[in-house]
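> what follows is a predicted protein model with its sequence.
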Amino acid sequence: MTTHASGTVYIETYGCQMNVSDSELMYGRLAEFGYVAVGSPDEADVILVNTCAIRDHAEQRVIGRLGELKRHMKPNSVLGVTGCMAQRLGPRLLKSAKHVQLVIGPDGYRALPSLVEGARNGVRASSVEFDLEEHYEDFRAQRFDGVKAWIPVQRGCDYKCTYCIVPMTRGPERSRRLLDVVREARGIAESGITEITLLGQTVNSYNDGQHDFAALLRAVGAVSGVRRLRFTSPHPNDFSERVIDAMAETPAVCEHVHLPMQSGSSNVLKRMLRRYTRESYLDCVARLRSAIPGMGLTTDIIVGFPGETDQDFEDTLSAVREIGFDDAFTFKFSAREGTAATRMPESLTVPDATASKRLARLIETVRDGMRAQNLGLLGARREILIEKVSRRGTLLQGRTRDFRTVLVPGDDSMIGQYQTVELTGTTGSTFTGGVVSERLQLPVAV
């Protein structure tokens, strides 16, 4: 179908950084066909909700939001659902939400303009087939963050963790060619953006058939104008010595790793099919910290997984204390349709009240550790990249290389600049600071 449409488009994004990146790709794709991005659904001819399916709560939130979006629709408006929830539910979503005209999975964005045009002519459609060759290499992402950029380097996942729906919503793992990633990084740096985050479901298992993740880190880190290089999310099993050496030896690579632990109990990790033990996770942490002094470490942890005993949970708490995470995303187990965890014996189910109590204790333990660490950093000086105005509105928000959030006084003209700050206060999770000396953003070499 030849598409000559135009109009306005609003995309509401839920979930992980990969979804943020996919929304940028969708905006860019629709811009090629004359669509202009707008800041609210009231202004839009086309409303897309880019969704997450990792937990049931995320899906229920989207379903509620789809109902709210009815009131923003004009007679010729199009409402579509994209992303992981769209992939999981497919045509079922068209049946349950009659005002939704499009359901498009993560591999279907190439056809987005023609599907939107069809919807504007009354054709409701679902596109949820996997395309193992699709990396959207010819798409020009429309980036709205002028300070940092995401680059997807890998799509899908070959791990089969028993709680995780990602292999069913993103398909099997496949990696982009290193040269294509470097080309995109070069374009980003030439635009003046100096911080890049490489994205993948298990990003450090990246392999394009000729190059591994270590080679990718070195190649992107060598791009002129890239001052900070991050990546998320890695898997503990894929931190080879080659990868750790590349991190330590590439100056642009930031001293921070988000390393999902999920549980501190080897028994629970085995039922999760995480393919590592408590001991091997601790060994991975030790190898990273030995190679990269001062490295920040954040994580993901699930409580209430089927069969988790009181002792298993205590093992998680003791691992949190022993490792001393800088922060943790903590969750109660959420059963996802189609995953192996839903087929475990009902006798293994952890009561919700028990899981809630464990979650509260875990959060308290994580916060206690964070607070103690952060108090010990008061008076230290750090370089931050100022990203945006903080939610308080009177301060600017920046991040250190090890991913700590610092709020400083200043005005909008400082956004995008690197500043040296002294850490003067902490809430336990974020810092306040004062600028010690102004250091303007480095000029970008072309």
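Yep, it's here.

> go through the protein and flag its longest helix.
Longest helix in the chain, counting residues (DSSP state H): helix 352-375.

> how far does stretch 210-219 sit from its chain's centre?
On the basis of CA atoms, centre = their mean, to the nearest Å, stretch 210-219 sits 21 Å off its chain's mean C-alpha point.

> mean confidence score for that stretch?
The pLDDT scores in stretch 210-219 average 98.

> where in the stretch 151-300 of the chain is pLDDT low?
The stretch 151-300 of the chain contains no residues with pLDDT under 70.

> wait, I meant the stretch 1-150 of the chain
Low-confidence segments of the stretch 1-150 of the chain (pLDDT under 70): 1-5.

> which residues in it form strands?
7-13, 35-37, 46-51, 78-83, 102-104, 125-127, 148-152 (DSSP state E, counting those that start in this stretch).

> tell me how many other residues surround Glu137.
If you count neighbours by other CB atoms under 10 Å, Glu137 ends up with 10. Backbone N, C-alpha and C define where each C-beta goes, glycine included.

> would you agree it is in contact with Arg176?
Yes: Glu137 sits in contact with Arg176 when judged by CB atoms under 8 Å, with a separation of 7.4 Å.

> so what's Ala340 closest to, chain neighbours aside?
Leaving aside its chain neighbours, Ala340 sits nearest to Thr162 (3.9 Å; criterion: CB to CB, 6 or more residues apart in numbering).

> kindly apply the preceding question to Ala335 instead.
With sequence-adjacent residues excluded and distances taken as CB to CB, 6+ apart, Ala335 is closest to Thr342, at 5.0 Å.

> any idea whether that neighbour is helix, strand or coil?
At Thr342, secondary structure determined by DSSP: H, G, I helix; E, B strand; the rest coil is helix.

> in TSV, list the strands of the stretch 1-150 of the chain along with distance to Arg382.
Output for the strands of the stretch 1-150 of the chain, formatted as TSV (distance: least, CB to CB, whole Å):
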stretch	distance to Arg382
strand 7-13	30
strand 35-37	35
strand 46-51	34
strand 78-83	35
strand 102-104	42
strand 125-127	46
strand 148-152	17
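
> how about the helices in the stretch 151-300 of the chain?
Applying DSSP state H, counting those that start in this stretch to the stretch 151-300 of the chain gives helices spanning 166-170, 178-190, 213-221, 241-249, 266-272, 278-291.

> of the ones you listed, which is nearest Pro106?
Nearest to Pro106, of all the helices of the stretch 151-300 of the chain, is helix 166-170, at 5.9 Å by CB to CB.

> list the contacts of Thr430.
Arg404, Thr405, Val406, Leu407 (CB atoms under 8 Å, 6 or more residues apart in numbering).

> and these, which are buried?
Buried subset of those (neighbour count, 16 or more other CB atoms under 10 Å): Arg404, Thr405, Val406, Leu407.

> pull the contacting residues for Asn19.
Contacts for Asn19 were tallied using CB under 8 Å, 6+ apart; they are Thr13, Asn50, Thr51, Cys52, Gly83, Cys84.

> just the buried ones from those residues?
Here, 16+ other CB under 10 Å leaves Thr13, Asn50, Thr51, Cys52, Gly83, Cys84 buried among these.

> between those residues, which is nearest Glu68?
Distance to Glu68 across the buried ones among the contacts of Asn19 (CB to CB) is lowest for Thr51, with 14.5 Å.

> wait, doesn't the closest one sit right on Arg61?
No: the pair Thr51 / Arg61 is not scored as a contact, 9.2 Å apart, by CB under 8 Å.

> quick one: common contacting residues for these two?
Shared contacts of Thr51 and Arg61 (CB under 8 Å, 6+ apart): Tyr14.

> give me the contact list for the very next helix or strand once past the longest helix of the chain.
Heading C-terminal from helix 352-375, the first helix or strand you meet, by DSSP states H and E, is strand 381-389. Residues from elsewhere that reach strand 381-389, judged by CB under 8 Å, 6+ apart: 145, 147-148, 194-195, 228, 395-401, 404, 406, 408, 410, 412, 414-423, 433, 436, 439.
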